[in-house]
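> pasted the sequence and its predicted model underneath.
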Amino acid sequence: MADKEQFRVVRHTPAFWYVTFDNPPLNIFGPKALPQMNAMVTALETDPDVKVVVFDSAVEGSFITHYDFLAAPEETLGLPPGPTGLEQLPDMLVRISRAPVVSIAKIRGRATGVGSELALACDMRFASREKAILSQWEVGAGLVPGGGPMARLPRLIGRGRALEVLLGADDVDGELAERYGYVNRSFPDAELDRFVDALASRIATFDRQALAETKHLVDIASLPADADIAPEWGAFLGALKRPAAQQRIEKLMQRGFHKPGDVETRLGHYVGQIGA
């Protein structure tokens, strides 16, 4: 039986696509999503008409959350590198950043770990003021983030704030994310869809080559090199094997990690408690 479709592509027009992540109940991202994500990224890279893509979620309360810690390790460790030479998840995030397509993350709910890393790989990020939570929670569980945030966040929000987000491992709400520059803007939740759709629809009317060339020149000035991103996935996998991380993840599991409930809703709070 084929794996459930987790990335749903809706072409509002040939130039304007939505990609909606749908893996209830928590939008946990695991190895089964990687081939589907690769197919979606390849389509963005090769379709001659698409100009702008919006990433969002079909699951209430979650944009995309963390990696699947219940999946068998070999499902991830056995995967070949992607076309950039990076491991598969960082490879696809890099390709989203470099694709000749404008990418927008519309964040409603938790963008935790992988969700934050996908948002950071996008060209723009817009958040619900009431409902968005961004987080690089990994250090609180004895882990090292693996999808590029150490390379991307300092360029976006500065070194001090990046270290606060990464080493503090706490939840960042939509309002603070806007103040720090983690997202472009936050909006009252009722206004978020209207703004993002209007911006994406406007961009979709522009000349594709002008959009792609302008984005490429901004990329040259602002994107980290592959060599800056490459060590992060290896550091994540290495940390995952250490007893300190295994013990902390086990404590989170005992409290309800990976299940709907307070731990997933307030992950920043709980990672601050397990080592106390």
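Thanks, I have it.

> chain center to stretch 244-263, what's the gap?
The gap between where stretch 244-263 is centred and where its chain is centred comes out at 21 Å by CA atoms, centre = their mean, to the nearest Å.

> again, but for stretch 24-32
Centre-to-centre, stretch 24-32 and its host chain are 12 Å apart (CA atoms, centre = their mean).

> now do the same end-to-end measure for that stretch.
Terminal residues of stretch 24-32 lie 14 Å apart, using CA to CA, to the nearest Å.

> contact partners of that stretch?
The set of residues external to stretch 24-32 that reach it, using CB atoms under 8 Å, 6 or more residues apart in numbering, is 3-4, 6, 21, 23, 57-59, 61-68, 71, 75-76, 79, 109, 113-115, 258-260, 264. Any C-beta I mention is one placed from the backbone N, CA and C, and that applies to glycine too.

> now the strands for the stretch 1-150 of the chain?
For the stretch 1-150 of the chain, the strands defined by DSSP state E, counting those that start in this stretch cover 7-13, 16-21, 52-57, 62-64, 102-107, 110-112, 124-128, 133-135.

> most neighbours per residue, which of these?
Of all those, strand 110-112 has the most neighbours on average by mean count of other CB atoms under 10 Å, namely a mean of 30.

> what's in contact with it?
By CB under 8 Å, 6+ apart, strand 110-112 touches 61-66, 105, 118-119, 132-135, 137, 264-265, 267.

> do stretch 187-207 as well
Contacts with stretch 187-207, where a contact means CB under 8 Å, 6+ apart, come from 13, 15-16, 51-52, 54, 102, 104, 106, 108, 126-131, 185, 211.

> now it: average pLDDT?
The average of the pLDDT scores along stretch 187-207 is 98.

> one more: stretch 86-95?
On average, stretch 86-95 scores 96.

> go on, stretch 216-227?
Throughout stretch 216-227, pLDDT has a mean value of 97.

> got it, and stretch 61-74?
Stretch 61-74 carries an average pLDDT of 93.

> flag every buried residue along that stretch.
61-69 (16 or more other CB atoms under 10 Å).

> gap between the two ends of that stretch?
30 Å.

> outside of that stretch, which residues touch it?
21, 26-32, 56-57, 105, 107-115, 118-119, 131-132, 137, 146, 240, 249, 253, 257-258, 264-265, 267.
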